[in-house]
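Visitor: my questions concern the predicted model and sequence given below.
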Amino acid sequence: MKAHGHTKLIAGLVLGILAGALLHPYKGTPALDALDTSFLYPTGQIFLRLIFMTVVPLVFSALVLGVYELGKGSDLGRVAARTLFYTFIASTSSVVIGIGLVNLFKPGVGVPIDAARLAEQAKAVGTIKDNASSAKSIAESIVELVPKNPVEAAANALSGQMLPLMVFALIFGIALSIVAKERGEGSQAGEEGVTVRLLEQLLAISMKIVGFAMRIAPLAVFGIVFHTIYGYGAGILGSLAFYVVLVIAGLLIQQFVVYGALLKFVAKRSPMAFFRDCREVYLYAFSTASSNATLPLSIETAEQKLKLPPNISRFVLTVGATANQNGTALFEGITVLFLAQVYGVDLSLGDQARVVFMSILAGVGTAGVPGGSLPLIMILLQSVGIPPEGMGLILGADRLLDMCRTTLNVSGDLVIAALVSAGDTSPAAWAGADPADTTT
């Protein structure tokens, strides 16, 4: 991206919000509706499709190459363990923050159960309920992590099979590193096998396609945000304002307090400089509400701006796009307790501990696409005896909150990549990066 690409993205985002809010009262005007549905909305969707078309080849090539490089130096187990450790720490802190805020401020107490709102959202709630009821048992879910048809997993990656695709990529990368060792490939520069060179080309081509898409990013971001605000208006929050503010406050605490402390004291980086370098990624994540769509830009930012070792950043970011959903975990914890307060369901300390645990696990299994967390919230509600119809109360504000929590999800991936990289000093890990610029 150009040096000032973030300025254009900010302009697109702000103008989209302002234009959508100002023109919402005139929704239904033929000219405005035509502008929205025939130009702005399609532009945003074409942009997203350009990005999504690269996600599968990019995830596969980046993850295989990361595992291959780590496998050559026997670093895979250590990097994976550190990634899992920091993911657990970050997810736990986010859920605890969310549940603590709900218990402290009690945003659901006194909120009326709006029958009209529930009736209006009945169809959407029914769809979510159907998705939740189709959830598999833990044993079935574990078995299906290993795909019997990786091509099918790749074809359905954006609709729920991203984790099986990642497992295949992990296994493929481990096998590739073993075969390369047996054949003596990669011991010197230029001796990499044909498969590795092919994957490097695939990754480079995927990133080039992302570059094409980024040329229309400012207009696309304007179209995406305008479509949302123009359709719903600023009044979608209503009586949920306190709940929305509390969710956003929790996300901000996780971002600036928890992530800031981890960056400063563990990664030995300036938090503000780190966040500044990631601002384009944050804007993009907020606009698209999709961790998967933001992944290409996250990888580019990690390697070019944050100067993280490519093999570690590719591994952590590709896995994290699905497995590290701190913002989603926080949102789920707050939402379950909020709806419990709305319906007067008194959750014991044990029940709340169960919500914490299940929110952490649910964050791992959330699809990195808009609205991917809603079926998991439905499961959480049913597990603690809260009427699942309560989902209708929060759906109106979910789009805004989805954009906010996705931003934290993506930020968490980059922070964990920096934390894992901070503990790696092997020369191989920094191949392709500038180790002189590890502290900003």
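Guide: Alright, I've got the coordinates.

Visitor: so which bits of stretch 276-291 are buried?
Guide: Neighbour counts using 16 or more other C-beta atoms under 10 Å place 277-291 of stretch 276-291 among the buried residues. For every residue, glycine as well, the C-beta is placed using N, CA and C.

Visitor: from the centroid of the chain, which residue is nearest?
Guide: The residue lying closest to the centre of the chain (C-alpha atoms, centre = their mean) is Ser291, at 3.2 Å.

Visitor: can you list the helices and strands that the helix or strand hosting Leu203 packs against?
Guide: Counting by DSSP states H and E, the element that carries Leu203 is helix 194-214. Contacts defined by 3 or more C-beta pairs under 8 Å, 6 or more residues apart in numbering; DSSP states H and E place helix 194-214 against helix 41-72, helix 162-183, helix 291-304.

Visitor: for Thr318, which of the ones you listed is the nearest?
Guide: helix 41-72 (4.4 Å; C-beta to C-beta).

Visitor: buried sites along that closest one?
Guide: Buried-residue list, helix 41-72, by 16+ other C-beta under 10 Å: 41, 43-44, 47-48, 50-52, 54-72.

Visitor: can you check stretch 150-157 too?
Guide: Across stretch 150-157, burial judged by 16+ other C-beta under 10 Å covers 150, 153-154, 156-157.

Visitor: and it, how far out from the chain middle?
Guide: For stretch 150-157, the separation from the chain centroid amounts to 20 Å (computed by C-alpha atoms, centre = their mean, to the nearest Å).

Visitor: repeat for stretch 345-357
Guide: Using C-alpha atoms, centre = their mean, the offset of stretch 345-357 from its chain centre is 26 Å.

Visitor: contacting residues around it?
Guide: 92, 95-96, 99, 103, 333, 336-337, 340, 380, 383-386 (C-beta atoms under 8 Å, 6 or more residues apart in numbering).

Visitor: how about the helices and strands packed on helix 194-214 in CSV, adding mean pLDDT and distance to Leu408?
Guide: Shown next, in CSV, are those (pLDDT from 0 to 100; distance: least, C-beta to C-beta, whole Å):
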stretch, mean pLDDT, distance to Leu408
helix 41-72, 87, 20
helix 162-183, 87, 19
helix 291-304, 91, 10
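
Visitor: redo these as a markdown table? Include distance to Met391.
Guide: As requested, the helices and strands packed on helix 194-214 are arranged in a markdown table below (distance: least, C-beta to C-beta, whole Å):
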| stretch | distance to Met391 |
| --- | --- |
| helix 41-72 | 25 |
| helix 162-183 | 24 |
| helix 291-304 | 22 |
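
Visitor: ok, which of these comes nearest Phe222?
Guide: Comparing these under C-beta to C-beta, the one sitting nearest is helix 41-72, at 8.2 Å.

Visitor: tell me which other helices or strands that closest one touches.
Guide: helix 76-105, helix 162-183, helix 194-214, helix 217-232, helix 291-304, helix 310-323.

Visitor: which parts of the longest one are buried?
Guide: Pointing back at helix 76-105 there. 76, 79-80, 82-83, 86-87, 89-99, 101-102.

Visitor: what does the second one give?
Guide: The neighbour-count criterion (16+ other C-beta under 10 Å) identifies 162-170, 172-174, 176-177, 180 as the buried residues of helix 162-183.

Visitor: I would like the residues contacting that helix, please.
Guide: 56, 59-60, 63-72, 76, 144-147, 150, 153-154, 157, 186, 192-193, 195-196, 292, 318-319, 321-323, 365, 367-368.

Visitor: over to the third one?
Guide: Residues lying outside helix 194-214 but in contact with it, judged by C-beta under 8 Å, 6+ apart, are 1, 5, 47, 50-51, 53-54, 57-58, 60-62, 64-65, 68, 176, 180, 185-186, 192, 220, 296-297, 299-300.

Visitor: quick check: buried residues in it?
Guide: For helix 194-214, by 16+ other C-beta under 10 Å, it's 196, 199, 202-203, 206-207, 209-210, 213-214.

Visitor: for the fourth one, same thing?
Guide: Applying a neighbour-count criterion of 16+ other C-beta under 10 Å, one finds 217-230, 232 buried in helix 217-232.
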